[in-house]
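> Give me a 3D structure for the following:
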Amino acid sequence: MAEAAYKRLNLHEVWMLVSPQNPHKNKSDLEAYNLRVEQCQILTQNKPHIKVSTFEKDNDLHITAETLKALIKKHPNVQFVWLMGCENWQHFHKWHQWEAIMQMVPIVSFYREEKNSLNFKTPATIKYKEFRAKAQQSIGQPPQWRVLFMPPHQGRATHIRKDLNAGRTPQHLTKAQIENIQKRHSFCVGT
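As a prediction, the model looks like this:
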């Protein structure tokens, strides 16, 4: 998703914020924080335009609205764009201060499933219908939002963890990435 966002949205760089604890996910479903940071670093080591960030943990932040406020305060001359998978956009109206988030940054949601299964009748899409941007439009000001469709793939963090923990080789990783993960984390990955 980060690579697609960088290319399709003509972004200067993409920051991957590794969350200490996503409030919408069960803590037992997450790998250890340091392991997740290292895995992101391994996967992005040859992509200087993608920065792995520990900003939330470093600043004891757990809520997206608070993270964005802190980022904007620290970097007042940067136009941030919030990137997320469409599974999050479907439930965005349940996020703490979701309307404040809409007013802080443009949002781009990547839909990685079949196009016809997307639900556009959510509170966020209904309330902010007039601010929906077309895929090819330049990034504007909040509360602009858009959905970008991309082919489904196994590159999602959930799939990578499942493959690695089951001893399977994720198909999209390079040999060097797999070797690095094996060295650092003692995974037994099949070939």
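
> Find the nearest non-adjacent residue to the residue sitting nearest the centre point of the chain, please.
What sits nearest the mean C-alpha location of the chain, by CA atoms, centre = their mean, is Met84, with 4.6 Å. Distances taken as CB to CB, 6 or more residues apart in numbering put Ser109 closest to Met84, at 5.6 Å, once the chain neighbours are dropped. Backbone N, C-alpha and C define where each C-beta goes, glycine included.

> Please confirm that the residue nearest to the centre of the chain is located within a helix.
No. Read with DSSP: H, G, I helix; E, B strand; the rest coil, Met84 is strand and lies in no helix.

> Helix or strand: which one has Thr125?
Using DSSP states H and E, Thr125 sits in helix 123-127.

> mind listing the strands in this structure by residue range?
Along the chain, the segments classed as strands by DSSP state E run 14-17, 50-53, 82-85, 107-111, 145-149.

> between the ones you listed, which gets nearest to Pro76?
Among those, the nearest to Pro76 by CB to CB is strand 14-17 (15.9 Å).

> Partner strands of that closest one and their direction?
The strands beside strand 14-17 in its sheet (DSSP bridges) come out as strand 50-53 (parallel).

> Going by neighbour count, which residues in the strand it pairs with are buried?
Using 16 or more other CB atoms under 10 Å as the burial criterion, the residues of strand 50-53 that qualify are 50-52.

> Can you tell me which of those residues lies closest to Gln41?
Once CB to CB is applied, the member of the buried residues of strand 50-53 that ends up nearest Gln41 is Val52, at 5.1 Å.
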